[in-house]
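Visitor: Kindly return the folded structure for what I paste below:
(4 chains)
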2 protein chains.
Amino acid sequence: MKGKLTTTSYAVLAQVAVRPWSTYELAQQRVRYFRYVWPAAESAIYREAKRLASMGLIEGEKEYTGKRARTVYSITGAGKDALREWLGTPISPFSMEFEAMLRIFVAPLGTKDEMVGTLRQVRADAQEMLRFGGEVKQEFIDGINVTQDQVHIRALAVDFFISLLNTVEAWADRTLAEIETWDDLAATEEKKKRGLEKIRQVPVETPGESLKDISKPPESQMRARS
Amino acid sequence: MKGKLTTTSYAVLAQVAVRPWSTYELAQQRVRYFRYVWPAAESAIYREAKRLASMGLIEGEKEYTGKRARTVYSITGAGKDALREWLGTPISPFSMEFEAMLRIFVAPLGTKDEMVGTLRQVRADAQEMLRFGGEVKQEFIDGINVTQDQVHIRALAVDFFISLLNTVEAWADRTLAEIETWDDLAATEEKKKRGLEKIRQVPVETPGESLKDISKPPESQMRARS
DNA sequence: GCCCTATACTCCAACTTGGAGTAAAACATA
DNA sequence: TATGTTTTACTCCAAGTTGGAGTATAGGGC
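Guide: Modelled structure (predicted):
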């Protein structure tokens, strides 16, 4: 019973709150849902489960299949209280890792083929996740999803992911189409003009007048992450 | 000159490739662009800069303002080569941290007000980032952005971010509207029916037939991150 | 002349990651 | 029936990363 809880702790706790899981299931199943919103190493899951158990927030029960032991965890009253308390604390901001964009920034150092490859990879990844999303959709329609009794909440998450992934796929598509019209990645007047036109048409409001200073990045990104 | 380069190394290298920066500028300016695609601690930037310099991929020149020294780094030929080589290696998959969704999963343990608060926070964060995006747009229109000579590439990134943020904002909006019609967060038949209907209408293809087994999560998420 | 903020970093304890390792059970295949 | 492969069920640890505290000078405003 030492130390404070991290967001990873709450992620595990939130998963155990859904229904009891063995540690192994916990590690495997989190790949299905939690990994997308809060990635953590497999070994971290085992560690957290033990920590939460030592703090009395979850309860582990040993089961045996022959000589092989497994621990099945369920949430305790104290665990639910901890989650409720957490719901009142400030939230850490959205953040992402998107190596592909890093590569696009320096793409002119490489070849057009490499950039096309990067974008195809992004699109393929989005499509693969969409396929998974489609399967989850089917699970809900068939009434067999693990969280079927929380459809009213999970539907919001499904909506979020599908919207996001469709946005990414559409972006990769139109960007590929744009690149296909280029001979290479060098900055020409023609391309720069088209780029500026694209920026002009991007659906976001400008500050209205020209900027005196270079703009400050948003505060939300400055908030501490756990 | 020890060790392999991590994606964070390449992120710093990619930034130095844009133009020479002092380490302090590097740390501050990366908040403006790189942080969104590859978050890293400030101290990590200083460390990486030194490492890259010791490997001869960037060159640091000491400048003095009175007694206060600062190091201005520029990329070397070897640094450009390293970036080119990197462009040919496999890409790590997209991943995100989105604590808000974790909270939504367990929202029924708390109050409706807390959930509304979470969603408002998500919307506010998205709007704040959109405001920043609008300022960046204005910078490009005014021709004063640091990466103005790479507009043709940066326009793709601007397009990506604005699309993504608009998607998130729209989701937060419609989700708030949905929640407003609820009395509380408990799972009722009425809400579950609406949730299922929402899932049915989500724009993604289902596997066509019902699933025998619970679906496997996508491979792309299994690829190693650096 | 004084205070506040920006510049320009260093250092480190605590935590996290990813991979390797261990071992038994269950299932498939010959 | 033997043998190999996959799944279950974890532990351990070296190497890397984080966030915050700390240090010190410069410059501008009042």
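
Visitor: Report the closest residue of chain A relative to DNA strand C.
Guide: residue A:66 (2.6 Å; Cβ to the nearest atom of the strand). Any C-beta I mention is one placed from the backbone N, CA and C, and that applies to glycine too.

Visitor: got the CA positions of the lowest-mean-pLDDT helix or strand in chain A in CSV?
Guide: Lowest by mean pLDDT, DSSP states H and E among the helices and strands of chain A is helix A:23-29, with a mean of 84. In CSV, the C-alpha atoms belonging to helix A:23-29 read as follows (Å, rounded to 0.1, in the frame of the first residue of the first chain):
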residue,chain,number,x,y,z
THR,A,23,-4.3,-11.0,-15.0
TYR,A,24,-3.6,-12.7,-18.3
GLU,A,25,-7.0,-11.8,-19.7
LEU,A,26,-6.5,-8.3,-18.4
ALA,A,27,-3.3,-8.0,-20.4
GLN,A,28,-4.7,-9.5,-23.5
GLN,A,29,-8.1,-7.9,-23.5
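
Visitor: rewinding a little: local confidence estimate at the residue of chain A closest to DNA strand C?
Guide: For residue A:66, the model assigns a pLDDT of 80.

Visitor: burial of it, as a residue count?
Guide: By the criterion of other Cβ atoms under 10 Å in any protein chain shown, residue A:66 has 5 neighbours.

Visitor: Ok, residue A:120 next?
Guide: By the measure other Cβ under 10 Å, the count of residues near residue A:120 is 12.

Visitor: With adjacent residues omitted, what lies nearest to it?
Guide: Spatially, and ignoring its direct neighbours in sequence, residue A:120 is nearest to residue A:176 (7.1 Å; Cβ to Cβ, 6 or more residues apart in numbering or on different chains).

Visitor: ok, and what's touching the helix or strand where residue A:61 lies?
Guide: Assigned by DSSP states H and E, residue A:61 falls within strand A:58-65. Under the criterion Cβ atoms under 8 Å, 6 or more residues apart in numbering or on different chains, residues A:13, A:16, A:22-23, A:49, A:52-53, A:69-76, A:79 lie in contact with strand A:58-65.

Visitor: Direction included, what does it pair against?
Guide: Partners of strand A:58-65 in the sheet, by DSSP bridges, are strand A:68-75 (antiparallel).

Visitor: Downstream of the partner strand, the next helix or strand is which one?
Guide: Counting by DSSP H and E, the next helix or strand C-terminal to strand A:68-75 is helix A:77-86.

Visitor: I'd like to know which elements the helix or strand following that next one is packed against.
Guide: Downstream of helix A:77-86, the next assigned helix or strand under DSSP H and E is strand A:95-97. When contacts are defined as 3 or more Cβ pairs under 8 Å, 6 or more residues apart in numbering or on different chains; DSSP states H and E, strand A:95-97 sits against helix B:34-37, strand B:95-97.

Visitor: Pick the most buried one from these.
Guide: Per residue and on average, the most neighbours among the helices and strands packed on strand A:95-97 fall to helix B:34-37, with a mean of 21 (mean count of other Cβ atoms under 10 Å in any protein chain shown).

Visitor: then that one to PDB, C-alphas only?
Guide: Extracted C-alpha coordinates of helix B:34-37, given in PDB (Å, rounded to 0.1, in the frame of the first residue of the first chain):
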ATOM      1  CA  PHE B  34       6.700  18.600 -32.900                       C
ATOM      2  CA  ARG B  35       5.000  18.100 -29.500                       C
ATOM      3  CA  TYR B  36       1.700  17.300 -31.300                       C
ATOM      4  CA  VAL B  37       3.100  14.400 -33.200                       C
END
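
Visitor: From the centre of chain A, point out the most distant residue.
Guide: residue A:66 (38.3 Å; Cα atoms, centre = their mean).

Visitor: quick one: contacts for it?
Guide: Per Cβ under 8 Å, 6+ apart, neighbours of residue A:66: none.

Visitor: Relative to residue A:24, how far out is it?
Guide: 16 Å (Cβ to Cβ, to the nearest Å).

Visitor: per-residue confidence for residue A:3?
Guide: Listed pLDDT for residue A:3 reads 65.

Visitor: re the thing from before, pull out the buried positions in the strand holding residue A:61.
Guide: A:58-60 (16 or more other Cβ atoms under 10 Å in any protein chain shown).

Visitor: now, among the residues you listed, which is nearest to DNA strand D?
Guide: Of all the buried residues of strand A:58-65, DNA strand D sits closest to residue A:60, with 8.2 Å by Cβ to the nearest atom of the strand.

Visitor: Just give the closest residue to residue A:12, not the sequence neighbours.
Guide: Distance criterion Cβ to Cβ, 6+ apart; nearest residue to residue A:12, sequence neighbours excluded, is residue A:48 at 4.5 Å.

Visitor: all helices of chain A, in order?
Guide: Along chain A, counting by DSSP state H, helices occupy A:7-18, A:23-29, A:34-37, A:42-54, A:77-86, A:99-105, A:112-142, A:151-180, A:189-201.

Visitor: and the third one, does that touch DNA strand C?
Guide: What that stands for is helix A:34-37. No. In terms of Cβ under 7 Å from any atom of the strand, no part of helix A:34-37 sits within range of DNA strand C; the closest distance is 10.2 Å.

Visitor: who does that helix touch, helix- and strand-wise?
Guide: So helix A:34-37, by 3+ Cβ pairs under 8 Å, 6+ apart, packs with helix A:7-18, strand B:95-97, helix B:99-105.

Visitor: returning to that earlier point: residue B:101 is nearest to which of the helices of chain A?
Guide: helix A:34-37 (4.2 Å; Cβ to Cβ).

Visitor: ok, residues contacting the closest one?
Guide: Contacts of helix A:34-37 (Cβ under 8 Å, 6+ apart): A:11, A:14-15, A:161, B:95-99, B:101-102, B:217, B:221.

Visitor: ok, now stretch A:153-162?
Guide: A:33, A:36, A:129-130, A:133, A:136-137, A:140, A:145, A:147, B:101, B:104-105, B:107-108, B:171, B:174-175, B:178, B:185, B:187, B:194-196, B:198-199, B:202-204.

Visitor: OK, contacts around residue A:69?
Guide: Residue A:69 sits next to A:62-63 when contact means Cβ under 8 Å, 6+ apart.

Visitor: Next, work out how far apart it and residue A:27 are.
Guide: With the distance defined as Cβ to Cβ, residue A:69 ends up 16 Å from residue A:27.

Visitor: again, but for residue A:158
Guide: Distance, residue A:158 to residue A:27, using Cβ to Cβ: 23 Å.

Visitor: again with residue A:11
Guide: With Cβ to Cβ as the criterion, residue A:11 and residue A:27 are 12 Å apart.

Visitor: More neighbours: which of these two?
Guide: residue A:11 (24 against 19).

Visitor: For that one, which non-adjacent residue is closest in space?
Guide: Nearest one to residue A:11, counting by Cβ to Cβ, 6+ apart, is residue A:38 at 4.5 Å.

Visitor: Could you count how many residues lie near the residue nearest to residue A:168 when sequence neighbours are not counted?
Guide: Nearest in space to residue A:168, with sequence neighbours left out and distances taken as Cβ to Cβ, 6+ apart, is residue A:126 at 4.5 Å. Number of residues near residue A:126 (other Cβ under 10 Å) recorded here: 23.
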